[in-house]
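> just need the structure, nothing else, for what follows:
(chains A and B)
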Number of protein chains: 2
Amino acid sequence: MKKQVRAIQYGIGPIGASILKLMREKEAIEIIGAIDTDPAKIGKDLGEVVGAPDAPWGIKVSGDAAGTLEQSADVVMHTTSSSLPKVMDQLIAAMEVGSCVVSTCEELSYPFRTHPELAAQLDKCAKDNGVALVGTGVNPGFVMDKLVITLAAVSQRIDHAKALRVVDASKRRLPLQKKIGAGLSVEEFRGKVKEGTIKHVGLPESVAMVADSLGLRVDQITETIDPKVATERVQTEFLTVEPGQAAGVHQIARGLSDGKELIYMELQMYVGAKDPADTVELTGHPTISLVIPGGSHGDIATASVAVNSIPSILEAPSGLRTSRDLPIGFFPPKGYR
Amino acid sequence: MKKQVRAIQYGIGPIGASILKLMREKEAIEIIGAIDTDPAKIGKDLGEVVGAPDAPWGIKVSGDAAGTLEQSADVVMHTTSSSLPKVMDQLIAAMEVGSCVVSTCEELSYPFRTHPELAAQLDKCAKDNGVALVGTGVNPGFVMDKLVITLAAVSQRIDHAKALRVVDASKRRLPLQKKIGAGLSVEEFRGKVKEGTIKHVGLPESVAMVADSLGLRVDQITETIDPKVATERVQTEFLTVEPGQAAGVHQIARGLSDGKELIYMELQMYVGAKDPADTVELTGHPTISLVIPGGSHGDIATASVAVNSIPSILEAPSGLRTSRDLPIGFFPPKGYR
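Numbers count the residues shown, from 1 in each chain, chains lettered A, B, ... in the order given. This next block holds a predicted model:
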């Protein structure tokens, strides 16, 4: 890794802001630019936009993506959308000026089954420009895939893999509580699932990554989204959920082989969750499990995983990489070296 | 990874035998030779020596290391000693004929502090011959280092790292129960520690790997070895430990900075252990922990980690690698591809 990493932030929503504040703490990183489309942010000081205690930073938010990317950062931190088709042009523009990309676009985390043509196009573009890109975060990117694959290192035979993530959304930001449908009636919830506005993106990507990494021959991936219905009143800083209302999402993805389940992934993200935790279980020889009591905090962890991926993406062979390929670790903090 | 991996086993003790049986199950691996110095094994069928149910394998154990290595396997699986100085010639001989090496030599897992000259010599030899080598296993190589570093991916700031491994040796093989001093008087135990025959090798290596990976500026590494004294009678298949006798080892290694503890690693390996588990705790932002209830089984897991490291060592850039650098996963089982 180079001693000084020049970074551009592409997208300054909550995750982008969190990544920026974390990058600011790393002595080895120099933030050289930031891009957003929001007129309320463009032209403002970046430190002020993200609410940093040490604002102003002396860097203005730009609405001109091409002009900002032109500085050819070592790495572009990309946090604009979950949808790969929507961000193709952005990723390609970053790579064409010679920048590596770390993106939190969930569909980029393992796009080989759902978007094989786009994956091939990105891989070619990366190789043509001698750079690497990766889609990562806490989920997909860590708890339901990287951690499963890492635990598999102690396995001799794996018959079934399971990951369960239970998140208590009570203390999370309002947009997230709304995004998971907390406080809606079950009917409203189902309506929003139908129109595609309630959904955690990335479970099928994690299933595919785990299947390919563990040699489990999955020929079908299914996914269901249901409301987690409140059984008692839940009050958060922002809203109240009555018994019978949706408290959040309950998603299950399965990897099947000839109809037989080989992989099971379950995400419960709701306000008032009793025992939040991340759990991995591998059935085989030996059968082994792993628990992160309390679970990894979504927003903090996604920013962490993205920033901590910088050293390995800069050292990776050019092309489209996944969290599976990268030996993720920790980005040396301020004061180191 | 090549579809067919030609492998040679160097050392056929319990771990070597376990690695051989596991490799035998992998369709992509062809075992082309095996080396040992034990006259009781030389010339015998390898499958019979390791007690494989599908013996004979049609491969004879050889006492001629140079002649066997000459076949230039893709990878040499090396399991002869914990001591790096003792195995230097073996590792170099394997690399000089163009083979990558996966070794369970504990001191090879992270030799940069304890044996910097030997590390540099191995790195140069590997690069000169276009191959890669790694020292790995369950501990060092996984629970107290790789897993700690992997969990650190969700961290924004780390102030302290802790790993605790509690192993119940009751169901392990007799040589292991003897090696940890089970059934000795406390005095006998301390005598054997002094003469260097009771010791789990690798804790300082794990401390060093974690320190460098997490940016914790450790300037001193300490280690203590004490008996875990039985408080009640413990009976195993092989021996009996009376109250007051040593039931096994209790080792603690610390990484200090100006006398302040930044890293704490504790290994309890004894017969009759009540709550075996592997636990990692990172204190910082956020503070997060991870538990493998029951712990990862030493012998099974070391063979697993070694064999599962084959794909990544074959794909690694040439040189001396560590488990920190390698994206470890799972070696596709028989029948896959």
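> please make it C-alpha for all contacts and neighbour counts, starting now.
Will do.
> give the burial count for A:Met88, as a bare number.
Neighbour count for A:Met88, taken as other CA atoms under 10 Å in any protein chain shown: 15.
> need the contact list for it.
Applying CA atoms under 8 Å, 6 or more residues apart in numbering or on different chains to A:Met88 gives the contacts A:118, A:122.
> surely it is within a strand?
No. Judged by DSSP: H, G, I helix; E, B strand; the rest coil, A:Met88 forms no part of a strand; its state is helix.
> find me the pLDDT at it, would you?
On pLDDT, A:Met88 comes in at 98.
> how close does it get to chain B?
Distance, A:Met88 to chain B, using CA to the nearest CA, to the nearest Å: 26 Å.
> now do that residue against A:Ile328, distance only.
A:Met88 is 25 Å from A:Ile328, where distance means CA to CA, to the nearest Å.
> so which strand or helix has A:Arg165?
strand A:157-168 (DSSP states H and E).
> do the same with A:Gly244
Per DSSP H and E, there is no helix or strand for A:Gly244.
> ok, it touching A:Ser185?
Yes. Counting by CA atoms under 8 Å, A:Ser185 is a contact partner of A:Gly244 at 7.5 Å.
> shared neighbours, the two?
By CA under 8 Å, 6+ apart, no residue touches both A:Gly244 and A:Ser185.
> which of the two has more neighbours?
The neighbour comparison of A:Gly244 against A:Ser185 (other CA under 10 Å) goes to A:Ser185, with 19 against 16.
> just give the nearest non-adjacent residue to the more buried one, would you?
The shortest distance from A:Ser185 to any non-neighbouring residue, by CA to CA, 6 or more residues apart in numbering or on different chains, is to A:Gln245 (4.8 Å).
> just A:Gly137 next, same as before
Nearest to A:Gly137 is A:Thr302, by CA to CA, 6+ apart, at 4.3 Å.
> show me the shaky parts of chain A.
Along chain A, the model assigns pLDDT under 70 to residues A:1-3, A:333-337.
> residue closest to the middle of it?
For chain A, A:Gly137 is the residue whose C-alpha lies nearest the centre (CA atoms, centre = their mean; 3.0 Å).
> make sure that one is indeed in a strand.
No. With three-state DSSP as the criterion, A:Gly137 is located in coil rather than a strand.
> ok, it touching A:Ile300?
No. A:Gly137 is not in contact with A:Ile300 according to CA under 8 Å; the separation is 9.9 Å.
> domain assignment for chain A?
Listed by automatic domain parsing, the domain ranges of chain A are A:5-137+A:300-322, A:146-295.
> run through the helices of chain A in chain order.
A:14-24, A:46-49, A:65-69, A:84-96, A:116-128, A:146-151, A:174-179, A:186-194, A:203-214, A:298-308, A:310-315 (DSSP state H).
> convert the C-alpha atoms of the shortest one to PDB, please.
Output of helix A:46-49 as PDB, limited to C-alpha atoms (Å, rounded to 0.1, in the frame of the first residue of the first chain):
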ATOM      1  CA  LEU A  46     -17.600  18.700   3.000                       C
ATOM      2  CA  GLY A  47     -16.900  18.700   6.700                       C
ATOM      3  CA  GLU A  48     -20.000  20.700   7.400                       C
ATOM      4  CA  VAL A  49     -22.100  18.500   5.100                       C
END
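> buried ones in that helix?
Going by neighbour count (16 or more other CA atoms under 10 Å in any protein chain shown), the buried part of helix A:46-49 is A:46-49.
> any idea how far A:Asp54 is from the residue in the stretch 51-200 of chain A that chain B sits nearest to?
Going by CA to the nearest CA, chain B is nearest to A:Val154 of the stretch 51-200 of chain A, at 4.5 Å. Using CA to CA, A:Val154 is found at 45 Å from A:Asp54.
> try A:Leu282
Counting by CA to CA - A:Leu282 and A:Asp54 are separated by 45 Å.
> same drill for those two, tell me which one is more crowded.
A:Leu282 (23 against 10).
> look up the closest residue to the more buried one, ignoring the ones flanking it.
A:Ala161 (4.7 Å).
> what are the bridge partners for the one you found, then?
Here A:Ala161 sits in beta bridges with A:Ile263, A:Leu282, going by DSSP bridges.
> what of A:Thr240?
A:Gln235.
> which residues sit in contact with it?
A:183, A:233-234.
> now the buried members of those.
In the contacts of A:Thr240, burial by neighbour count holds for A:183, A:234, counting by 16+ other CA under 10 Å.
> which among the contacts of A:Thr240 gets closest to B:Asp219?
For the contacts of A:Thr240, the closest approach to B:Asp219 (CA to CA) belongs to A:Val234, at 49.7 Å.
> surely the closest one and A:Glu242 touch.
Yes. If you go by CA under 8 Å, A:Val234 and A:Glu242 touch, sitting 6.6 Å apart.
> near chain B, which residues of the stretch 1-150 of chain A?
A:22, A:138, A:147, A:149-150 (CA under 8 Å from any CA of the partner chain).
> leaving out chain neighbours, which residue sits closest to A:Gln251?
A:Ile225 (4.5 Å).
> how far away is that neighbour from chain B?
Relative to chain B, and taking CA to the nearest CA, A:Ile225 is found at 26 Å.
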